[in-house]
Structures are given as structure tokens and as C-alpha cells.
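Undergrad: Give me the fold of what follows.
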Amino acid sequence: MIIHSNTDLFSHNTMKLHSIVDKVYYPESNDELKELVSNTKTKYILLGAGSNLILPARLSIPVISLMSLNNEIVLDGENVKVGCSVRIQKLIRSLQEHNMGGIEYLYSVPASVGGLVYMNGGRGKSMNLAISDFLKSADYLDLNDMTIKTYTANRSDFSYRHSPFQDMNAIILSATFKFKSQEPEVTESLIKERLEYSQKHLAADKPSCGSVFKTGNRIVYRLLMGMRVGDAMFSKKKSNWISNIGNASYNDICKLIKRAQLLHKLFLSRCELEVKVIEG
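TA: Predicted coordinates for the structure are as follows:
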């Protein structure tokens, strides 16, 4: 196990916030993870690729990074077993090499496979496309009894940005998928198409936390575009999207989110956060 002390998590979150943490643990096996979470008496923060986290300037709570836990991709016939730490871009390229595909629309997402399964990552709500479309099963650590169990996928368990793992006390270790057959040239074309779309529509030129709210009012979203606190700004290009346009702070982003929540209240609308705001 790797342990770092007094570490800045700047490179561990896609919003590029400076966040100093006392201890970061990098378990490199399931046994190390089990030992770590069993022996950690206080609260801890689980950190994947950090694509939906807002981190404070200082963290006294220990952080457990899952990005060194399992980076394997194993093909067994038509099944593909993928470790939770694998970056989605690596998986898509590996599938391309083996004439498989189907999730190229995720190529622009700075996330790990474990994080995407947990969040049921996909395209916009209207597109009805998500990584769970190809999920067969997932191995997870049940934190209630510290045993490794297997979940067999049921489509009805998943919905927009929701998976059954969000209702469990569990850590996803790996996931097994069955992807569709696809020629490498098709995959290459779809990757290019996604990257071009990202550049044009998703404000990909600035660090961001992606979509802020899971549910909200579209009129409010439009009113928020361009609203700024410090160097945190709701994108002028993509609604419901906060960008770091300089050196945004945790407080800048929190104030901006609170303004958005207040605006929803004024419009008598419900909003639900998709990003996770960590308290210091």
C-alpha cells in the first residue's frame, strides 16, 4: 500500500481545486482495501477519478484513493471484466482492439469504470444511454460484513444517474460487461465525433465538475449561464455546468451552487445535486 502525507489533491479532481489532506492511502489489492477500511476508525473519503467532487481547501478526514486498486481488463469470450480503477478511455481503446464497442459517447468523460458504474454514467436524460446497458455483473466489497459479493445486473435497478450501489454500503471492485461487436473504424469515427461534440458544446477547455444538478428547472439552468462567483462560473456554452475559469476556490463554487438552489426555490422548482460537495 502506498501512503502519502500532507498531499495536495489538485491532480486528483477534475475541477482542479487545491485541497490539502493529511493522509492519502492507495490500496493496491482487495486485501489491502479490506484491511484499510476495517482499521480506519474515523470517517474517510473514497476517491476515484474525482470527476464529480468539490473538495475543500483543507481536509482532516483521510482519503482512500481507488485508482491503484485494480487496473486490469480481462477478456473471456464475449465477456469483459474490468477493474474499478480503469480509466474509461483505456477501456474504450481496448475494446476497439478487440472489435467491440458501444460506449464511445463516454470517451470525453474523465472518469474510472468504477465511478461510471456507481453513477450509471451515460448521455443526457433524453438519450437514454448509459453504461448499465452493457453491465452483466459487478464484484463489490460489502462494508457491513467486509465480504466480497457479486451483484447480477438487472436493468430495472438502474435509472438516470442512479445505480443500486448508491443505496448500498459498498465499494465496487470490478465490473463485467458484454459489449456489442463493432469494427475499429466505427469506434474511431465515434470517438472523433464525441471529442468534437465535447469541444463545441461541453466547455471542455476549462476544468469542471461537469453537470451540477441531477434534476432541475431548464429555465433556471438558462438563467444561470454566465453567473459567476470569483473564478467559478456557470458555463455560457453548456447549461448546468460549472467551470473553473482561473483559480476558483471551494467557497466560490459553494456560493455559486447556493445561488442556483435559491433560484430554483424562487421558481418553485426542485433541484437535486449530482456533484458531491465534501465538507472540510
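Undergrad: Only C-alpha atoms from now on, for both contacts and neighbour counts.
TA: Noted.
Undergrad: got the CA coordinates for stretch 221-238 in PDB?
TA: The C-alpha trace of stretch 221-238 is given here as PDB (Å, rounded to 0.1, in the frame of the first residue of the first chain):
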ATOM      1  CA  TYR A 221     -30.400  26.500 -16.000                       C
ATOM      2  CA  ARG A 222     -30.600  29.000 -18.800                       C
ATOM      3  CA  LEU A 223     -30.700  31.900 -16.400                       C
ATOM      4  CA  LEU A 224     -27.700  30.600 -14.600                       C
ATOM      5  CA  MET A 225     -25.500  30.600 -17.700                       C
ATOM      6  CA  GLY A 226     -22.700  33.100 -17.200                       C
ATOM      7  CA  MET A 227     -23.300  33.600 -13.500                       C
ATOM      8  CA  ARG A 228     -20.000  33.900 -11.700                       C
ATOM      9  CA  VAL A 229     -18.600  33.900  -8.200                       C
ATOM     10  CA  GLY A 230     -14.800  34.500  -8.100                       C
ATOM     11  CA  ASP A 231     -13.300  32.200 -10.700                       C
ATOM     12  CA  ALA A 232     -16.200  29.800 -10.600                       C
ATOM     13  CA  MET A 233     -18.800  30.300 -13.400                       C
ATOM     14  CA  PHE A 234     -21.800  28.500 -14.800                       C
ATOM     15  CA  SER A 235     -20.700  28.000 -18.400                       C
ATOM     16  CA  LYS A 236     -22.100  30.200 -21.200                       C
ATOM     17  CA  LYS A 237     -21.800  27.300 -23.600                       C
ATOM     18  CA  LYS A 238     -23.300  24.400 -21.600                       C
END
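Undergrad: For that stretch, what is the distance to the chain centroid?
TA: 21 Å (Cα atoms, centre = their mean, to the nearest Å).
Undergrad: Contacts made by it with the rest, please.
TA: Contacts to stretch 221-238, defined as Cα atoms under 8 Å, 6 or more residues apart in numbering, come from residues 201-203, 239-249, 252-253, 255-256, 260.
Undergrad: likewise stretch 93-104?
TA: Under Cα under 8 Å, 6+ apart, the answer for stretch 93-104 is 92, 131, 179-184, 187-188, 190-191, 194.
Undergrad: The worst-scoring helix or strand of the chain on mean pLDDT packs against which elements?
TA: Taking mean pLDDT, DSSP states H and E as the measure, strand 208-211 is the helix or strand of the chain with the lowest mean score, a mean of 89. Under the contact criterion of 3 or more Cα pairs under 8 Å, 6 or more residues apart in numbering; DSSP states H and E, strand 208-211 touches strand 241-244.
Undergrad: Check the offset of the helix or strand following the strand it packs on from the chain's centre.
TA: With elements assigned by DSSP states H and E, the helix or strand that comes after strand 241-244 is helix 250-266. Relative to the chain's own centre, helix 250-266 is displaced by 21 Å; criterion: Cα atoms, centre = their mean.
Undergrad: Check which helices and strands the next helix or strand after helix 250-266 sits against.
TA: Toward the C-terminus, helix 250-266 is succeeded by strand 272-273 as the next helix or strand (DSSP H and E). On a contact count with 3+ Cα pairs under 8 Å, 6+ apart, strand 272-273 meets strand 213-215.
Undergrad: Can you tell me the strand partners of the strand it packs on and which way each runs?
TA: Counting by DSSP bridges, the strands paired with strand 213-215 are strand 272-273 (antiparallel).
Undergrad: who does the helix or strand just after the partner strand touch, helix- and strand-wise?
TA: Later in the chain than strand 272-273, the nearest helix or strand by DSSP H and E is strand 276-277. If you count contacts as 3+ Cα pairs under 8 Å, 6+ apart, strand 276-277 packs onto strand 53-54.
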